[in-house]
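Trainee: just a sequence and a predicted model for now, questions to come.
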Amino acid sequence: MTKTDIAAVLTDIGVLLELKGENPFKIRAYQSGARVLESLAEEELAQRIAAKTLGEVKGLGEALVQKITELQQTGKLEFYEKLKASIPPGLVEMMSIPGVGPKKVKALHDQLGIDSIPALQQACLEGKVAALAGFGEKTQDKILDGIRNREAYGKRHLWAEAWEAAEPILAGLRKLPEVQQAEACGSLRRKMETVGDLDFLVATNTPAPVVEWFISHSNVKEVTAQGETKVSIRTESGIQADLRLVPPEQFVFALHHFTGSKDHNVQMRHRALQRGLSMSEWGLVPAEGEGTAKEKAALRGPQSDITTEAQLFQHLGLAFVPPELREGLGEIEASESGTLPRLLEASDIRGVFHNHTTESDGHNTLNEMTAAAQALGFDYLGIADHSKSSVQARGLDEKRLTAQVAAIRDLNASGKFTTYVFSGTECDILPDGRLDFADEMLAQLDYVVASVHSSFKQSREDMTQRIVRAIENPCVTMLGHLTGRLLLEREGYAVDTEKIIDAAIANHVIIELNANPYRFDMDWRHWRKAAEKGLLCSINPDAHRIGQLDYFQLGVGVARKGWLTKEHVVNTRSLSEMKKYLADKHR
Ligand code: DGT
Ligand code: CA
Ligand code: CA
Ligand code: ZN
């Protein structure tokens, strides 16, 4: 465990003890112990534990030293586990309501027997909470509000929603004359599929006016924490946003630190230590000598030789690691050995497959979709409306599909658009793995996306077999949304991903990276290995209206996160290459 993790446990113990109404001195010992620990350098903690000199640090008594050592060496603490087990989980949960701390929870529990959020809500509605000493009407209203907002605020957010909230804030920060540099860090910068909170970082010598703007710009619902160099707000849409303000010379170190991920940072710090350096949000300083990293960075003054992340990596003998790859999943090793991939870029995409029109459940006509694709500069557009079994999506039967094929042929012949249209289908994979159309029908199309849209509850084995059977059909060009997941809404159906990937490679079937922000399916975690084995990816917006063709850009972000290069992605190919690929597959 790192000192930050250990400090968090100590803080937590303090809170739990307070909930139990323990002796205030004991509680304070844990609280201040956590602070003392935070101020130690990571390497100092390890050194002192090894040398058994942790007790010499002011503020760490015998009992704390023993507990910190246990945590550092085993990652666990029996005292803590027992303490947690002795407290109803509902009490801890109640503290997630703004303004409700351990003292209030204890009072509510002792005097009204409240041990959960629903019970608390009920008591508030009955006016019992206002009647308690130290509470009152105002507090009761605030608690009720907090409970109502909890659901909206407590959850994670789709990357696209987070970006929508972040973009205007970032632009606003960059416009301020006091701001030299501003960046959004954290999971947003790393392009995680969901984002917990936004992390903004600003380089400035005069933080006050920047803080002032940040807490009062148009999207702020509530200021949740405010200091001189760190503030947090909640936006109207319910997203929490942190802003940190650092002097310009510290910016690059803070940028790297707050971009994370935690795992990446841990590995980078370790690498720095091997080179006798201590790496932190404050700077890169010699590891030995007196003082914390912060103090050393302050003493040393501006580190003018490192002003970009590329230089920071270079200082540790590494090539620049794109933020999307910073998950501690081998990117540092690849960077060291010069084998980092040259990641896919949005400008590499030449066209997109898997798009719907008004023929099935889309909102725009073939003409409108083609015009929009042309406006995006695409060389080709693939139409793949639903097949007849998807009744709720007005899936096409053979007759309507045949008519659509003819309409697309005519459109291409008309010379109306420079964008070439491929005719396809998003063909349902029936519960037994057969396709919704016979081969004779499918053979008239340029390509086939095969997708599961029914019988989601099949066993993992049946579902896997079902999909593999579809993949083995020579008419299938690509597999649609592998798991059918809807992020933050619906788990995907259970499948043996490995097996499906292998079947796709063996049968020359592409797997889609569905770029709809709710899907991002197949998950980025599978792509690196799959692509190394030879799997081809298609980045598919699954657009149901013209504006959604743009989703391909989100898909590129996810593909980058999955270590994909231009060569791994089929729709980076030119129109003639694409025509040839599809014709070959048909044969
Ligand atoms: P999120 O907000 O849950 O989607 O995920 P992140 O990655 O944005 O995490 P967040 O907002 O808690 O912190 C932003 C970055 O700051 C994180 O990616 C790495 C850095 N960081 C925060 N806490 C720690 C920590 O305890 N240890 C280390 N090494 N880095 C941390
Ligand atoms: Ca974050
Ligand atoms: Ca954060
Ligand atoms: Zn679909």
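Mentor: Nice, thanks for sending it over. Numbering: from 1, shown residues only. Ligands and ions are numbered 1, 2, ... in the order given.

Trainee: show me which residues of the stretch 251-400 of the chain sit near ligand 1.
Mentor: 257-258, 260-262, 265-266 (CB under 6 Å from any ligand atom). Quick note: C-beta positions are derived from backbone N, CA and C, even for glycine.

Trainee: of those, buried ones?
Mentor: 257-258, 260-261, 265 (16 or more other CB atoms under 10 Å).

Trainee: excluding its backbone neighbours, what's nearest the residue in the stretch 151-300 of the chain positioned nearest to ligand 2?
Mentor: Minimum separation of the stretch 151-300 of the chain from ligand 2 (CB to the ion) falls at Gly186, amounting to 3.2 Å. Among residues not flanking Gly186 along the chain, Asp199 sits closest, at 3.6 Å (CB to CB, 6 or more residues apart in numbering).

Trainee: contact partners for that neighbour?
Mentor: By CB atoms under 8 Å, 6 or more residues apart in numbering, Asp199 lies in contact with 184-186, 188, 241-242, 244, 258.

Trainee: and it, what element?
Mentor: strand 198-203 (DSSP states H and E).

Trainee: so who does the single nearest residue of the stretch 351-500 of the chain relative to ligand 3 touch?
Mentor: Nearest residue of the stretch 351-500 of the chain to ligand 3, counting by CB to the ion: Leu488, 18.2 Å away. Contacts of Leu488 were listed using CB under 8 Å, 6+ apart, and they are 155-158, 194, 518.

Trainee: which among these end up buried?
Mentor: Using 16+ other CB under 10 Å, the buried members of the contacts of Leu488 are 156-158, 194, 518.

Trainee: how about those in TSV, adding secondary structure?
Mentor: Shown next, in TSV, are the buried ones among the contacts of Leu488 (DSSP: H, G, I helix; E, B strand; the rest coil):
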residue	secondary structure
Arg156	coil
His157	strand
Leu158	strand
Thr194	strand
Tyr518	coil
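
Trainee: just those: which has the poorest pLDDT?
Mentor: Across the buried ones among the contacts of Leu488, the smallest pLDDT goes to Arg156, namely 91.

Trainee: that one contacts Thr194, doesn't it?
Mentor: Yes: Arg156 lies in contact with Thr194 (CB atoms under 8 Å); the separation is 4.2 Å.

Trainee: from Lys561, how far off is the closest residue to ligand 1 within the chain?
Mentor: Nearest residue of the chain to ligand 1, counting by CB to the nearest ligand atom: Gly260, 1.9 Å away. Distance, Gly260 to Lys561, by CB to CB, to the nearest Å: 13 Å.

Trainee: could you list the low-pLDDT ranges of the chain?
Mentor: 151-154, 299-304, 587 (pLDDT under 70).

Trainee: which residues does the longest helix along the chain contact?
Mentor: Longest helix in the chain, counting residues (DSSP state H): helix 136-154. With contact meaning CB under 8 Å, 6+ apart, helix 136-154 is reached by 96-100, 117, 120-121, 124-125, 127, 129-130, 234, 238, 240.

Trainee: mind listing the helices for the stretch 251-400 of the chain?
Mentor: 251-259, 262-274, 293-300, 309-315, 331-336, 366-375, 398-414 (DSSP state H, counting those that start in this stretch).

Trainee: run the chain-centre distance for stretch 427-441.
Mentor: Centroid separation for stretch 427-441 versus its chain: 35 Å, with CA atoms, centre = their mean, to the nearest Å.

Trainee: alpha carbons of it, as PDB, please.
Mentor: C-alpha atoms of stretch 427-441 as PDB (Å, rounded to 0.1, in the frame of the first residue of the first chain):
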ATOM      1  CA  CYS A 427     -28.800  -8.700 -39.800                       C
ATOM      2  CA  ASP A 428     -30.200 -10.200 -36.600                       C
ATOM      3  CA  ILE A 429     -28.500 -13.300 -35.300                       C
ATOM      4  CA  LEU A 430     -31.400 -15.500 -34.400                       C
ATOM      5  CA  PRO A 431     -31.400 -17.400 -31.100                       C
ATOM      6  CA  ASP A 432     -29.900 -20.500 -32.600                       C
ATOM      7  CA  GLY A 433     -27.200 -18.600 -34.500                       C
ATOM      8  CA  ARG A 434     -28.800 -18.700 -37.900                       C
ATOM      9  CA  LEU A 435     -29.100 -15.300 -39.700                       C
ATOM     10  CA  ASP A 436     -32.400 -13.500 -40.300                       C
ATOM     11  CA  PHE A 437     -31.900 -13.600 -44.100                       C
ATOM     12  CA  ALA A 438     -31.100 -16.600 -46.400                       C
ATOM     13  CA  ASP A 439     -27.700 -16.600 -48.100                       C
ATOM     14  CA  GLU A 440     -29.300 -15.700 -51.500                       C
ATOM     15  CA  MET A 441     -30.600 -12.400 -50.100                       C
END
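
Trainee: just send the buried ones among the contacts of Leu488 back as CSV, with distance to Asn205 too.
Mentor: Output for the buried ones among the contacts of Leu488, formatted as CSV (distance: CB to CB, whole Å):
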residue, distance to Asn205
Arg156, 35
His157, 32
Leu158, 36
Thr194, 35
Tyr518, 42
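
Trainee: just give the nearest non-adjacent residue to the residue nearest the centre of the chain, would you?
Mentor: Central residue of the chain (CA atoms, centre = their mean): Met192, 2.3 Å from the mean position. With sequence-adjacent residues excluded and distances taken as CB to CB, 6+ apart, Met192 is closest to Trp159, at 6.5 Å.
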